[in-house]
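Trainee: Okay, here's the prediction I keep looking at, along with the sequence it came from:
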Amino acid sequence: CMIGGFQNMILGVFGVAINWWTVLWVGVLVVATYLFGRVWCGWLCHLGAIQEFLFRSPKLQILKSEKSRKTLKIIRYVAFGAWFLYLILVRKNVFCEIDPFKALFNLFFGNWISVTLLVILLVSSVLIYRPFCRTLCPVGVLLGWVSMIPGARKVTSTPECVNCGVCAKACPSNAIAKKEKAEVDSESCLACGECTLACHKDTIKLKR
């Protein structure tokens, strides 16, 4: 679990005894994101996959406005800060005890908190595109920051972009703003590839 690895990384820095090999997974994701883009989030993550599979309401346009994108970013930062602070104060990998994904994939329903969170996750995933990824996932925040490092591979538009807005409409995570040309928010972009498929001019690509 990459979230467990992230928590162990924070706990280890602050002197808590952990299995350091679990942190290696987070390190691999950081390096892979810098070299290849956020392919983990967009193509490989099993947590994102279950949300993607459940999403069935694209026409509702929930959380698709520019204001929503900014609000979601604030929520991610607040959640990340709260997560970080809680780990420092409690000094325990608490999420693993209430993880709704753990209850889902292991079919373990003995913890009422994890079951409640699982129900919320499943229902919200039907109505909203990847709600956990876009609001609460600390690894997603970390990898979003990695994609902003100079030289990192990320989705971006080329100078030939004609600003038709097709890619912005196709982006399920609402990571593209229509300005003078398509402007991709690297922190919100999951590198799912929908924008590159939609672009008829081939002006939006995953590149350094």
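Mentor: It's in. Numbering: from 1, shown residues only.

Trainee: What residues sit buried inside the biggest helix by length in the chain?
Mentor: In the chain, taking DSSP state H as the definition, the longest helix is helix 66-90. Buried residues in helix 66-90, defined by neighbour count with 16 or more other CB atoms under 10 Å: 69, 72-73, 76, 80, 83, 87. Where you see a C-beta, it was placed from the backbone N, CA and C, and this is true even at glycine.

Trainee: Same check on stretch 161-173?
Mentor: For stretch 161-173, burial by neighbour count (16+ other CB under 10 Å) applies to 161, 164, 166-168, 170-173.

Trainee: just stretch 110-125 next, same as before
Mentor: 111, 114-115, 117-118, 121, 124-125.

Trainee: Point out the other helices and strands that the longest helix of the chain packs with.
Mentor: When contacts are defined as 3 or more CB pairs under 8 Å, 6 or more residues apart in numbering; DSSP states H and E, helix 66-90 sits against helix 2-13, helix 131-135, helix 138-146.

Trainee: hmm, back to that, among the buried residues of stretch 110-125, show me the least confident.
Mentor: In this model, the minimum pLDDT among the buried residues of stretch 110-125 belongs to residue 111 (85).

Trainee: any idea which element residue 129 lies in?
Mentor: Using DSSP states H and E, residue 129 falls within no helix or strand.

Trainee: was I right about it contacting residue 55?
Mentor: Yes - Residue 129 is in contact with residue 55 according to CB atoms under 8 Å; the separation is 5.2 Å.

Trainee: Looking at the buried residues of stretch 110-125, which are in helices?
Mentor: Reading helices off the buried residues of stretch 110-125 with DSSP H, I get 114-115, 117-118, 121, 124-125.

Trainee: Between the buried residues of stretch 161-173, which sits nearest residue 16?
Mentor: Here the nearest of these to residue 16, counting by CB to CB, is residue 173; it sits at 33.5 Å.

Trainee: follow-up on the earlier one: between the buried residues of helix 66-90, which has the least confident prediction?
Mentor: Scanning the buried residues of helix 66-90 for pLDDT, the low point is residue 69. It has 80.

Trainee: Can you check the pLDDT for the closest residue to that residue other than its chain neighbours?
Mentor: Spatially, and ignoring its direct neighbours in sequence, residue 69 is nearest to residue 174 (5.0 Å; CB to CB, 6 or more residues apart in numbering). On pLDDT, residue 174 comes in at 88.

Trainee: Quick one: neighbours of residue 109, just the number.
Mentor: 11 (other CB atoms under 10 Å).

Trainee: Surely it and residue 115 touch.
Mentor: Yes - the pair residue 109 and residue 115 qualifies as a contact (CB under 8 Å) at a distance of 5.2 Å.

Trainee: ok, back up a step: tell me the angle of the longest helix of the chain relative to helix 138-146?
Mentor: 120 degrees (axes from the mean of the first three to the mean of the last three CA atoms, to 10 degrees).

Trainee: if I look at residue 105, how far off is residue 36?
Mentor: 25 Å (CB to CB, to the nearest Å).
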